[in-house]
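Novice: return atomic coordinates for the entry below.
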Amino acid sequence: MIRKFTHRDMRRILEIESNSFPKSTYDRFAFFYLSRLYHFLVYKDEKILAYIIFDERNGHIASIAVDPLHRRKGIGRKLVEEVLKNCGRAWVEVRVSNKIAQAFYEALGFIDIGVVPNYYGDEDAHVMVRSR
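Specialist: Got it, this is the predicted structure:
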């Protein structure tokens, strides 16, 4: 089930975040801030397994993560499809070194439209876009 994030979800979101992005983890305050600016959805089965944060105005995916134990089951795809349903398009920045994420987005029909130098401070980012 996909539903809106609530503050009661924070503990689990932080677990997923730290397991997914050990080099650059968002903290509680970053998530609270993002939850006020963007659309923040969680994917829940018996417990929260994933989240996505995106701008409803333009389809920018600010962050997405799936619990590593539940990857490759279509959860990330369902969350990205929710963005497309709401926005008609989606776009995301992906670390140049993150070949797994690039392959994920390519499999969903995203195309690479360019590189932003030093987007992550220490690394460039591919900008990937998809329309409905």
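Novice: need the strands for the protein, in chain order.
Specialist: For the chain, strands defined by DSSP state E occupy the ranges 2-4, 39-44, 48-54, 61-66, 89-95, 111-116, 125-131.
Novice: residue 17: which of these is closest?
Specialist: Between residue 17 and the strands of the chain, the tightest spacing by C-beta to C-beta is seen for strand 61-66, at 6.0 Å. Glycine gets a C-beta too; all of them are placed from N, C-alpha and C.
Novice: which helices and strands does that closest one pack with?
Specialist: helix 10-20, strand 48-54, helix 75-87, strand 89-95 (3 or more C-beta pairs under 8 Å, 6 or more residues apart in numbering; DSSP states H and E).
Novice: in its sheet, which strands sit next to that strand, and in what direction?
Specialist: Using DSSP bridges, the strands paired with strand 61-66 are strand 48-54 (antiparallel).
Novice: only C-alpha atoms, please: export the strand it pairs with in PDB.
Specialist: Listed next in PDB are the C-alpha coordinates belonging to strand 48-54 (Å, rounded to 0.1, in the frame of the first residue of the first chain):
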ATOM      1  CA  ILE A  48       7.300   0.500   5.800                       C
ATOM      2  CA  LEU A  49       9.600  -0.900   3.100                       C
ATOM      3  CA  ALA A  50      10.300   2.200   1.000                       C
ATOM      4  CA  TYR A  51       9.800   5.900   0.500                       C
ATOM      5  CA  ILE A  52       9.800   8.500  -2.200                       C
ATOM      6  CA  ILE A  53       9.900  12.300  -2.000                       C
ATOM      7  CA  PHE A  54       9.000  14.400  -5.000                       C
END
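Novice: understood, closing this out.
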